[in-house]
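# Sequence and predicted structure are below.
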Amino acid sequence: MRCWRESAEHLEGALDMSKRLYSARDMARIAGSQCAGCGACCRGMGDTIVLDPYDAWQLTEGLEKSFAELMGSGTDLHVEEGVILPHLMMREDTGACAFLAEDGRCRIHPFRPGICRLFPLGRQFEDGKVSYFIVEGGCIKDGLSKVRIDRWLGIDDLPSYEKFKSEWRALLRTLEARIAAEPSGEVQRDINLYFLRTFYMTPYSGMERAGDFYGEVKERIKAFEKAVL
């Protein structure tokens with residue numbers, strides 16, 4: 001799975017016209033009938049399954065746990081381009097995702113993170129437009145069949161989700177530049193702590209549907225940009 005891990009670290013980037021690109025309503029050969037119980041794409045991923053606020057919200061709602069309760073029991077933190085971000089943990093003994101059951105099935109499948117939903121796809125951005133591509137060497141299974149990408153992702157209100165992903169990526173790029181330009185390690189730490197509190201540690205309470213979340217996170221982005229960037 002080395003190719004998938006390398007791709008997972010660069011799944012969301014600038015547009016690369018060397019790849020065949022798809023829209024969310026296009027058909028792509030990505031569905032495997034032998035997927036159930038395989039679990040190959042859930043192993044050896046290190047800290048590359050990064051969680052955005054939508055992922056964290058889905059996990060806390062689905063598992064009925066706070067973000068703090070998930071830390072160390074399925075998720076952990078790492079530094080990426082100076083920014084502290086949460087990710088799914090891999091077990092030290094098996095190298096498998098902490099949420100992969102012994103039968104090779106995902107225990108959080110209904111509310112799995114966006115990177116897991118994408119597999120074996122990647123996502124690219126250009127001027128706010130989102131496109132998808134098939135990761136070379138991603139799925140190890142043969143005989144993949146075609147499925148429409150939006151149905152494969154299974155995300156309610158996908159256009160709003162794609163807009164959120166584009167805005168979130170832009171925020172991270174700006175935050176990385178802000179931290180890189182900050183000479184004080186103490187200030188860098190304070191910015192990261194404020195970032196985690198704003199988007200992950202503070203619950204998204206009273207959210208009954210995805211639209212509620214998108215409105216709330218948009219307000220948090222505005223407040224964070226005004227305070228820090």
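Okay, I see it. Residues are numbered from 1 along each chain as shown.

# which residue ranges form the helices in this structure?
Secondary structure of the chain (DSSP state H): helices located at 2-8, 53-63, 67-70, 114-118, 149-153, 158-180, 185-196, 210-228.

# Which one of those helices lies nearest to residue 27?
Judged by Cβ to Cβ, the one of those that comes nearest to residue 27 is helix 149-153, at 7.7 Å. Heads up, the C-betas are built off the backbone N, CA and C, glycines and all.

# Check which helices and strands that closest one is in contact with.
Counting contacts by 3 or more Cβ pairs under 8 Å, 6 or more residues apart in numbering; DSSP states H and E, helix 149-153 packs against strand 27-31, helix 114-118.

# can you redo the ones you listed as CSV with mean pLDDT?
Formatted as CSV, these follow (pLDDT from 0 to 100):
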stretch, mean pLDDT
strand 27-31, 94
helix 114-118, 95
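
# between the helices of the chain, which gets nearest to residue 137?
Comparing the helices of the chain by Cβ to Cβ, helix 2-8 comes nearest, at 3.2 Å.

# what about the closest one, average pLDDT?
Throughout helix 2-8, pLDDT has a mean value of 43.

# Ok, stretch 164-171 next?
On average, stretch 164-171 scores 95.

# Identify the residues contacting that stretch?
12, 52-54, 114, 123, 125, 128-130, 214, 217-218, 221, 224-225 (Cβ atoms under 8 Å, 6 or more residues apart in numbering).

# Tell me the one among those residues nearest to residue 179.
residue 224 (13.1 Å).

# quick revisit: pull out the buried members of the contacts of stretch 164-171.
Buried subset of the contacts of stretch 164-171 (neighbour count, 16 or more other Cβ atoms under 10 Å): 12, 52-54, 114, 123, 125, 130, 214, 217, 221, 224.

# List the contacts of the nearest residue to residue 156 once chain neighbours are set aside.
Setting aside the residues directly before and after it, residue 156 is nearest to residue 210 in space (Cβ to Cβ, 6 or more residues apart in numbering), at 4.9 Å. By Cβ under 8 Å, 6+ apart, residue 210 lies in contact with 155-157, 160-161.

# how near is residue 210 to residue 52?
13 Å (Cβ to Cβ, to the nearest Å).

# for residue 222, same thing?
For residue 222 relative to residue 52 (Cβ to Cβ), the value is 17 Å.

# got a pLDDT number for the residue nearest to residue 156?
71.

# just residue 195 next, same as before
For residue 195, pLDDT reads 98.

# likewise the one 5 residues further on?
The predicted local distance difference test score for residue 200 is 98.

# so it sits right up against residue 67, yeah?
Yes - using Cβ atoms under 8 Å, residue 200 makes contact with residue 67 at a distance of 5.2 Å.

# Who has more neighbours out of those two?
Higher neighbour count among residue 200 and residue 67: residue 200, with 25 against 22, using other Cβ atoms under 10 Å.

# Look at residue 86 and say how many residues are nearby.
26.

# my guess is it meets residue 76, correct?
Yes - under the criterion of Cβ under 8 Å, residue 86 makes contact with residue 76 at 7.0 Å.

# Sketch out the low-pLDDT regions of the chain for me.
1-18, 206-207 (pLDDT under 70).

# count of residues packed around the closest residue in space to residue 178 that isn't next to it in sequence?
When the adjacent residues along the chain are set aside, residue 178 lies closest to residue 229, with 5.6 Å between them (Cβ to Cβ, 6+ apart). Residue 229 has 12 neighbouring residues, counting by other Cβ under 10 Å.
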